[in-house]
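S.K.: here is a sequence with its predicted model. Questions after.
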Amino acid sequence: MNSRQPVVKCLVWDLDNTLWRGTLLEDGDAHLDEDIAAVVKELDSRGILQSVASKNEHEPVWAHLMSLGIAEYFVVPQIGWGTKSAAVRRIAEALNFSQETIAFIDDQPAERAEVSFHLPDVRCYPAERALMLMELPEFSPQTITVDSRRRRKMYQANIEREAEREAFSGPDEQFLRTLDLRLRLRRADDAELSRVEELTLRTSQMNATGVHYSDAVLRDLCADPAHEVLVATLTDRFGPHGAIGVLLLDTDPRRWHVKLLATSCRVVSFGVGTAILNWLTTEAFRAGVHLVADFRPTSRNRMMDIAYRFAGFTDDACECTASMPAVADIQRLHLIPEPRSLPSTMRFDAPDL
């Protein structure tokens, strides 16, 4: 993965003469080719979200998408008369995606140039390449999991969840209690390993090292009794969030070494990262060991550094780390554990370590 561009997380479609043939407001109709519809459905099955940035009137355009039977495939659509770059930026912000994971397709060179000028990290494609997108590596995730196939529905549920959250008049903690959150942390098995690998690939903001662990490496770690490979899943009354966290732990008798902690940015506001760290700290206290966590700063993961610091990890030296070999660019954070409380806003199920 590090040798190529990130996989596209969201493709933003122009509509007239790109998604469909014709100009809807001028022609009164626009035809959707079956092969373009097949591209939309295939990208959706690969876990690539799709949206719309179109200079059009919203109501007739959305009605036409509904009549074509494909409106459901597009999240946070931007249909109006502003610039395409502003529309694409709003989509990225609404999904909390970095712009380097966004792609834009349009038949007009001027529109592509405008987006490229204002959003240089966004990858732009001419409409005539639409049928070739599925063959490009950036639209071909290395793993396609259960969560991949239902990613759009999970994001659509999250949009409903956030709308209800904004309308809720009480404290945020009270709203979280209404969600019936259930966080499960369990040892990864064969069925979970692909989801763990996908998490290490997709998660950047709440990823302590930015390291991608391949399926083969994860299988070796699972088979090693000195390692724990744990995957976190989250559900609430809106439905499953899917696999939203991974913890790779070396359980050396002298200390427990957190080689990787990564959680989806979608669940930051639910306190999932804090819950996992508090549980781990309590488990380490019971085992009578110190905690050491790897952290490698990237351009995206400052939030993860803050999470570790807020949990009490420091740069203080300790004898327990003296025998650990240094690794380039890796900071070793240290914590002397003590019992911690779990959040009262969720149910938490986890194994004993």
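M.R.: That came through, no problem.

S.K.: ok, and the closest non-adjacent residue to Trp99?
M.R.: You called it Trp, but residue 99 is Gln. Using Cβ to Cβ, 6 or more residues apart in numbering and skipping residues adjacent in sequence, the residue nearest Gln99 is Asp121, 4.1 Å away. Quick note: C-beta positions are derived from backbone N, CA and C, even for glycine.

S.K.: tell me, how many residues neighbour that neighbour?
M.R.: Residues contacting Asp121 under the criterion other Cβ atoms under 10 Å number 13.

S.K.: list phi and psi for it.
M.R.: Note on Asp121: backbone dihedrals following degrees, to the nearest 10 are phi -80, psi -20.

S.K.: in the sheet, who's paired with Trp20?
M.R.: Asp16 (DSSP bridges).

S.K.: with Ile105 instead?
M.R.: Trp13, Tyr125.

S.K.: what's the local residue count around it?
M.R.: Ile105: 23 neighbours (other Cβ under 10 Å).

S.K.: could you check how far it is from Lys41?
M.R.: 16 Å (Cβ to Cβ, to the nearest Å).

S.K.: any low-confidence regions in the stretch 151-300 of the chain?
M.R.: 200-208, 210 (pLDDT under 70).

S.K.: which stretches in it count as strands?
M.R.: In the stretch 151-300 of the chain, the strands defined using DSSP state E, counting those that start in this stretch lie at 181-187, 227-236, 239-252, 255-263, 290-295.

S.K.: using JSON lines, lay out those together with mean neighbour count and distance to Met324.
M.R.: Listed next are the strands of the stretch 151-300 of the chain as JSON lines, based on neighbours: other Cβ atoms under 10 Å; distance: least, Cβ to Cβ, whole Å:
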{"stretch": "strand 181-187", "mean neighbour count": "18", "distance to Met324": "24"}
{"stretch": "strand 227-236", "mean neighbour count": "21", "distance to Met324": "15"}
{"stretch": "strand 239-252", "mean neighbour count": "22", "distance to Met324": "9"}
{"stretch": "strand 255-263", "mean neighbour count": "24", "distance to Met324": "7"}
{"stretch": "strand 290-295", "mean neighbour count": "22", "distance to Met324": "7"}
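
S.K.: how about the ones you listed, which one is nearest Gly22?
M.R.: Shortest distance between Gly22 and those, using Cβ to Cβ, is found for strand 239-252: 36.7 Å.

S.K.: show me how far the closest one is from its chain's centre.
M.R.: Going by Cα atoms, centre = their mean, to the nearest Å, the spacing between the C-alpha centre of strand 239-252 and its chain's C-alpha centre is 13 Å.
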